[in-house]
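1. Sequence unavailable; structure follows:
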């Protein structure tokens, strides 16, 4: 009897340790991939935003009548630790925590005009330090790089999402570990205590599994894909099935976020969608995007779809309310 108990305990302990090791390895790998994908997506979005802001700032600086308040409005501090504009090595605008931009940046170079580096505050909070050269007319290459916009993007919300995923993985792993350990205990009782086999209850999942599988199959069977062109307005065609946009019969290359925004606006021409509605209905409540990103993607769509982006006729801004697609 003691020997049977010892074998049973060893079996359960072995299953417990193997399951724990598997959960740790697979869970850590999945969490690492999730964190890397999310961070890379954040960097791509930040680079795109920096490029758009640099283009807007360049145009304002080239106008002799620009004012600091206009720059402040362009470089809204939502989601940023700081923003700085340098023209020919002279700081003409700065906002946010200027103590973070005292040292000259030496981040990784993404291109001839862009540098990016992940940094940390003294309390461990991560942020992106970005330097984007302004495309101003210059005598030589050196003076051309002396005018730039420097931005510090907060990664606080991103870190929160990554940590939440870690806790979720830990919770799922703990549940799996408990289920496997209990199953190993009953299995060991059946193997090493033959007289108790009859007392082991049949797992409920054995009876319910086929029913659940059939329900899942029925749900999938009832689903039908979207077909054809979602909407055609003016010379713009939006095809939901192929995820493509055409203007006057010519293909326009848009990103997934741009497509989602255009599809939402075109779903009800003439209706004004607020920033909150766009963030929720186009990109989902779990997105870390902000109202500043809505402005950025509207700008990018206008560059691709409007005949005159400076005087948009398709995607119209209703000040104080939001954006709409003109139905005229």
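-> Received it, and whenever you're ready, just let me know what you need. None of the values given here were measured: they were computed from a predicted structure.
2. From now on I want contacts and neighbour counts done on CA atoms only, so please keep to that.
-> OK.
3. care to break the protein down by domain?
-> 1-200, 229-325 (automatic domain parsing).
4. any idea which helix or strand of the chain has the worst average confidence?
-> Within the chain, no helix or strand scores below helix 204-222, which has a mean of 35 by mean pLDDT, DSSP states H and E.
5. Tell me what residue 93 is bridged to.
-> According to DSSP bridges, the partner residues bridging residue 93 are residue 85.
6. For it, the count of nearby residues, please.
-> Neighbours of residue 93 under the rule other Cα atoms under 10 Å: 16.
7. now residue 41
-> For residue 41, using other Cα under 10 Å, the count is 12.
8. Tell me the confidence at it?
-> At residue 41, the pLDDT value in this model is 90.
9. Show me the shaky parts of the stretch 151-300 of the chain.
-> Under the criterion pLDDT under 70, the flagged ranges of the stretch 151-300 of the chain are 193-230, 285-287.
10. change it to 90
-> Scanning the stretch 151-300 of the chain for pLDDT under 90 picks out 152-174, 177, 180-237, 239-243, 247-249, 257, 261, 266-270, 275, 278-294.
11. what are the ranges of the helices in it?
-> Assigned by DSSP state H, counting those that start in this stretch, the stretch 151-300 of the chain shows helices spanning 156-192, 204-222, 256-266, 275-281, 291-305.
12. helices or strands up against the fourth one?
-> Contacts defined by 3 or more Cα pairs under 8 Å, 6 or more residues apart in numbering; DSSP states H and E place helix 275-281 against helix 256-266, helix 291-305.
13. For that helix, buried residues please.
-> 275, 278-279 (16 or more other Cα atoms under 10 Å).
14. again, but for stretch 300-311
-> Using 16+ other Cα under 10 Å as the test for burial, stretch 300-311 gives 300-302, 305-306, 309.
15. cool, stretch 114-134 as well?
-> Those would be 114-117, 119, 126-134, for stretch 114-134 by 16+ other Cα under 10 Å.
16. of those, closest to residue 33?
-> Comparing those against residue 33 with Cα to Cα places residue 126 closest, at 18.3 Å.
17. now the angle from the lengthiest helix in the chain to helix 156-192?
-> Longest helix in the chain by number of residues (criterion: DSSP state H): helix 2-62. With axes from the mean of the first three to the mean of the last three Cα atoms, to 10 degrees defining the directions, helix 2-62 sits at 160 degrees from helix 156-192.
18. Could you measure from residue 87 over to residue 46?
-> Distance of residue 87 to residue 46, given as Cα to Cα, to the nearest Å: 22 Å.
19. next one: residue 265
-> Distance of residue 265 to residue 46, computed by Cα to Cα: 24 Å.
20. picking up where we left off before, what is the most widely separated pair among the buried residues of stretch 114-134?
-> Farthest pair in the buried residues of stretch 114-134, by Cα to Cα: 126 and 134, 25.5 Å.
21. excluding its backbone neighbours, what's nearest residue 288?
-> Distances taken as Cα to Cα, 6 or more residues apart in numbering place residue 157 nearest to residue 288, at 6.9 Å, with adjacent residues excluded.
22. picking that back up, JSON lines for the buried residues of helix 275-281, including distance to residue 318?
-> Conversion of these to JSON lines gives the following (distance: Cα to Cα, whole Å):
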{"residue": "275", "distance to residue 318": "11"}
{"residue": "278", "distance to residue 318": "14"}
{"residue": "279", "distance to residue 318": "17"}
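23. And those, which is closest to residue 242?
-> Residue 242 has its nearest neighbour among those in residue 278, at 22.0 Å by Cα to Cα.
24. one step back: give me the number of residues near the residue nearest to residue 288?
-> Neighbour tally, residue 157, other Cα under 10 Å: 14.
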